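Q: Got a predicted structure plus its sequence, pasted below:
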Number of protein chains: 2
Amino acid sequence: MLRKNYIMAPGPTPVPADILLAGAKETIHHRTPQFLEIMKETLESAKYLFQTNSKIYTFVSSGTGAMEAAVTNLMNPGEKAIVVVAGKFGERWKEICDSYGIQVVEIAVEWGNAVSPEQIENVMKQHPDARVIFTTHSETSTGTVIDLKSIAQLTKDTDHVLVTDEVSGLLAEPLKMDEWGVDVVVSGSQKGIMMPPGLAFMALSEKAWKLVEKNQCPKYYFDLRYYDKNYPDNPWTPAVNMIYMLNQSIKMIKEEGIENVWERHRILGEATRNAMRALNLELFSKRPGNVVTAVKVPESIDGKKLVKIIRDKYGVTIAGGQGHLSGKIFRVAHLGYVSMFDTITAISALEFTLSELGYKIELGTGVRAAMETLKREGVAG
Amino acid sequence: MLRKNYIMAPGPTPVPADILLAGAKETIHHRTPQFLEIMKETLESAKYLFQTNSKIYTFVSSGTGAMEAAVTNLMNPGEKAIVVVAGKFGERWKEICDSYGIQVVEIAVEWGNAVSPEQIENVMKQHPDARVIFTTHSETSTGTVIDLKSIAQLTKDTDHVLVTDEVSGLLAEPLKMDEWGVDVVVSGSQKGIMMPPGLAFMALSEKAWKLVEKNQCPKYYFDLRYYDKNYPDNPWTPAVNMIYMLNQSIKMIKEEGIENVWERHRILGEATRNAMRALNLELFSKRPGNVVTAVKVPESIDGKKLVKIIRDKYGVTIAGGQGHLSGKIFRVAHLGYVSMFDTITAISALEFTLSELGYKIELGTGVRAAMETLKREGVAG
């Protein structure tokens, strides 16, 4: 049977045709008033995505590059950082800190759990010399969201700097950077922003910028002082056509409205979770988020085979488990340019795959639960 | 909620990105060896779509233009033609004949029924001076398919010329032009061929060509003798970029395999019909085809509102009824570049819409029936 491709992984996510077409426009020179004007307009309107009045810096890099930029612009070698590690992307913060000789005070959280504000508060008290806290709003590896708003309450009126990895979380989980008092946000293009991979973002509060000014960590490409000097002009060559795409993406997000985007992710997450429950599948996360739903692979099923069949036979790309969860969970995303019918597609393909692997279900059970959720939420039926 | 567009109407149908990209390539001049080479290769490989060894003529026109070409190249004013009228597109044959002063021997079939080979045989006997028979393989307005293979048996070894409108039927319903002995086939680009509208096709048997040679019907643009003179070069300006698209389309159809394409349409048609039955909806056609499923609108429902809501709220474009069936039926296509998940999308959107209009269903009932069909047919689960 004809196989179309459906990306239901937590990044890259489906890219709308209008964004692809924006990226197919003529490449112009980046040191021209014409491009500078586009850059200015784009970065000004990008503030909306982060709900901030701060500048938005863009890097030609993956999200990991922006994470490194956060570490090397805020921390000096030998200094202490508080790092929450509750999955693969918490580990990444730790690995970057390690690479630059930064002392890591690790808050190790069992994968699938969310760090509590109390845990962070305790560690802040135990290590008063650790001023920067690295968190992961949406831990993609476990499908877990933390209570970032409450955590920001702890740091807002102190001289602590709260950094959050929003690579997968941005636009899928509510974030009000300025209102909540989150100091540093990093993100990437290929998630909620609905673009192909290749562009990363960073926004900083004034409090965070003070650390940048006097920072002495060895760095060059990601040194924010270069990016700030002629802002919004880039210090190095910007990815011209990706800026076109970003411009188009922001227009589409503004048109939908950020609250509606957040709400859509919440509803599709809820529909997916209810479908999994109806199929007698167990969610992996204790505090599931709306980026991706992580599900335990039933005992009788080969988890790697499941991910392979649903991709190669049905064209639906979902994610398997990372690290020690490889083969033990699968993850169905509802991130970015995803409609209710994409979610229904993913669930029906999952049902076919489970059935094929011998898991006992009545076909349509998960889809029905999702459809009922969509009706209950008032968006369909 | 975010609304993506799903074209589930019997044309235009969804266009694959690879075909759109082929159409976005540089327009070259049409009177060059480079373009002639493309034309030659494309029209040679297009024979596969029709399962013929005859030349494939292309017109820059809609399918209606190719229908007119069939009439004006085969018939002279005052001559008798047998025309099967069982819906909107049978009527179109009649209207074209009327426009050129051709005497129509109409076989009027109730809409939703299929003409039988016996009916045609009888009329052939009653009107031995009527040599050309105009049929509609797939009557899109009623979702009905005729038994073209058996009808061709009646004309194959006679001097009758059998013409069939394959505008919607081509690739969705099996057709073996040469093997069956169908004399003239006309089609359009925006249906099974998975292209945008704008290109039409015609293929003729040697027997039919003899009528063309001595034809005296007034015509110019559609005069096949001009098209044949420097074939495959076009007499007028060809739609250069549509030829690129056609080339890509044929490649994709060959890759899937025409038997698989036919089989996919059959299975998706079956899944759609079973979904409708599970929802207690009545099929309109007595002999439903695999292009489009026509369904009677339940008494309690406003049929025009149904088509409007499913399109404007859910982004799923289906078709309403045409002519006297307006508001009385709706038509869900499974034509062209349609996957099993597109069909599931259409059915779930239909369920939401019916539910919203007060029709009593348990959500997921139609989807389940479709999924079970797909499993039973051995293509899923």
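A: Arrived safely.
Q: mind listing what residue A:206 touches?
A: residue A:54 (CB atoms under 8 Å, 6 or more residues apart in numbering or on different chains). Every residue, glycine included, has its C-beta placed from N, CA and C.
Q: Can you name the residue of the stretch 101-250 of chain A nearest chain B?
A: In the stretch 101-250 of chain A, the residue that lies nearest chain B is residue A:194 (10.3 Å; CB to the nearest CB).
Q: measure that residue to residue A:185 for me?
A: Separation of residue A:194 from residue A:185 (CB to CB, to the nearest Å): 18 Å.
Q: How is the spatially most central residue of chain A assigned, secondary-structure-wise?
A: Chain A has residue A:168 as the residue nearest its centroid, 0.9 Å off, counting by CA atoms, centre = their mean. Under DSSP: H, G, I helix; E, B strand; the rest coil, the three-state class of residue A:168 is coil.
Q: show me what contacts it?
A: Residue A:168 neighbours (CB under 8 Å, 6+ apart): A:10-11, A:89, A:138, A:140, A:191-192, A:291-292, A:335.
Q: per-domain residue ranges of chain A.
A: Domains of chain A are assigned by automatic domain parsing as A:6-12+A:257-376, A:17-256.
Q: Now do the end-to-end distance for the first one.
A: Using CA to CA, to the nearest Å, the end-to-end distance of domain A:6-12+A:257-376 comes to 26 Å.
Q: mind checking how far that domain is from the chain centre?
A: Averaging C-alpha positions (CA atoms, centre = their mean, to the nearest Å) puts domain A:6-12+A:257-376 17 Å from its chain's average.
Q: just to revisit the earlier point, can you tell me which one of the contacts of residue A:168 carries the smallest pLDDT value?
A: Least confident of these in the model: residue A:11, at 94.
Q: Just to check, that residue is in contact with residue A:188?
A: Yes. Contact criterion CB atoms under 8 Å: residue A:11 and residue A:188 qualify, at 7.2 Å.
Q: Looking at those two, which is more packed in?
A: residue A:188 (28 against 23; other CB atoms under 10 Å in any protein chain shown).
Q: ok, that one to residue B:120 distance?
A: In terms of CB to CB, residue A:188 sits 64 Å off from residue B:120.
Q: Without its sequence neighbours, what residue ends up closest to residue A:246?
A: Among residues not flanking residue A:246 along the chain, residue A:42 sits closest, at 5.5 Å (CB to CB, 6 or more residues apart in numbering or on different chains).
Q: contacts for the one helix or strand the one you found maps to?
A: Using DSSP states H and E, residue A:42 falls within helix A:33-50. Helix A:33-50 has contacts (CB under 8 Å, 6+ apart) with A:28-29, A:53-56, A:58, A:166, A:170-171, A:175, A:177, A:185, A:187, A:193, A:201, A:203, A:231-234, A:238, A:240, A:243-244, A:246-247, A:250-251, A:253-254, A:258.
Q: circling back to that earlier point, in helices, which of the contacts of residue A:168 appear?
A: In helices, defined here by DSSP state H, the members of the contacts of residue A:168 are residue A:89.
Q: In strands only, show me the contacts of residue A:168.
A: Cross-referencing the contacts of residue A:168 against strands under DSSP state E gives A:138, A:292.
Q: Over to the residue nearest to the centre of chain A: give its phi and psi.
A: Per-residue torsions, residue A:168: phi -100, psi -20 (degrees, to the nearest 10).
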